[in-house]
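# only geometry, no sequence info:
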């Protein structure tokens, strides 16, 4: 349990630390060419990641596929093999997200992948992200396998926070607050040695994407 909670806190910062390539241009207008909106796409333009590397289609050396909205690699690869995360280097990580969370194009002309395009914040954007962690540890000479899966969504415009959770305008709990603008709507944890299996949390409102 301890391992999972530590990793959850760190892994949920990936989108803001590693995807920090897009921290400007919120709410900007499209670039206009010949009277039409123009967006720069990964296959046809030059867009850059947070480390300054040119983004291309397919998976990069770390496991990011910005075109497909997915990361699949080692936990430390998500942080470009940073020194501080080495204790967790054996953990596998899969992340997926939608266009509102981090687009695969630049429509505001700043040369970066767009976030919540056309809005000043993630609130009401419909953005969502999932991460799936897979790891193991040794206990009493036995290999213990564990997995953790979580769904995160941006809060609706008319939602409000009460006692650490987001609620709908109809006073139904959406889920615990993450980063202020987001809510956890589902988490699942399995640990073979702890004999813990299944859903940890399920939003009373809805655990489904597209609802928010």
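Perfect, thanks for sending it. Since this is a predicted model, take the numbers as computed values, not measurements.

# in the chain, which spans are strands?
Using DSSP state E, the strands found in the chain span residues 31-33, 36-38, 40-41, 64-65, 70-74, 92-97, 105-106, 128-139, 142-154, 160-162, 165-167, 173-178, 182-191, 199-202.

# which residue is nearest the centroid of this protein?
The residue lying closest to the centre of the chain (C-alpha atoms, centre = their mean) is residue 129, at 4.1 Å.

# give the contact list for that residue.
Contacts for residue 129 (C-beta atoms under 8 Å, 6 or more residues apart in numbering) come out as 15, 95, 96, 97, 98, 101, 151, 152. The way it works is simple: take the backbone N, C-alpha and C, and place the C-beta from them, glycine included.

# now do residue 47
The contact partners of residue 47, by C-beta under 8 Å, 6+ apart, come to 40, 54, 55, 66, 105, 106, 111, 112, 113.

# how does it look with 10 Å?
Going by C-beta atoms under 10 Å, 6 or more residues apart in numbering, residue 47 touches 21-22, 40-41, 54-56, 66, 103-106, 110-114.

# are any of those residues buried, and if so which?
21-22, 40, 55, 66, 103-106, 110, 112-114 (16 or more other C-beta atoms under 10 Å).

# can you put the residues you listed in a markdown table and add pLDDT?
Formatted as a markdown table, the buried ones among the contacts of residue 47 follow (pLDDT from 0 to 100):
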| residue | pLDDT |
| --- | --- |
| 21 | 40 |
| 22 | 40 |
| 40 | 96 |
| 55 | 95 |
| 66 | 97 |
| 103 | 97 |
| 104 | 97 |
| 105 | 96 |
| 106 | 95 |
| 110 | 86 |
| 112 | 89 |
| 113 | 95 |
| 114 | 95 |
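
# just the closest of these to residue 206, please.
Nearest to residue 206 among the buried ones among the contacts of residue 47 is residue 103, at 24.4 Å by C-beta to C-beta.

# next one: that closest one from residue 55, what distance?
Distance, residue 103 to residue 55, by C-beta to C-beta, to the nearest Å: 12 Å.

# do residue 196 as well
Residue 196 sits 39 Å away from residue 55, taking C-beta to C-beta as the criterion.

# how about residue 138?
The value you get for residue 138 to residue 55, if C-beta to C-beta is used, is 38 Å.

# for residue 63, same thing?
Residue 63 sits 13 Å away from residue 55, going by C-beta to C-beta.

# likewise for residue 94?
Residue 94 sits 19 Å away from residue 55, going by C-beta to C-beta.

# same check on residue 156?
From residue 156 to residue 55 the distance is 30 Å (C-beta to C-beta).

# and for residue 65?
Applying C-beta to C-beta to residue 65 and residue 55 gives a distance of 10 Å.

# who touches both of those two?
42, 104.

# list the contacts for residue 174?
Under the criterion of C-beta under 10 Å, 6+ apart, the neighbours of residue 174 are 153, 155-156, 159-161, 165-168, 182-185, 203-207, 211-212.

# for it, give me the pLDDT.
As predicted, residue 174 sits at a pLDDT of 98.

# ok, what's across the strand from the nearest residue to it once chain neighbours are set aside?
What sits nearest to residue 174 in space, not counting adjacent residues and going by C-beta to C-beta, 6 or more residues apart in numbering, is residue 166, at 4.1 Å. Note on residue 166: beta-bridge partners by DSSP bridges are residue 161, residue 175.
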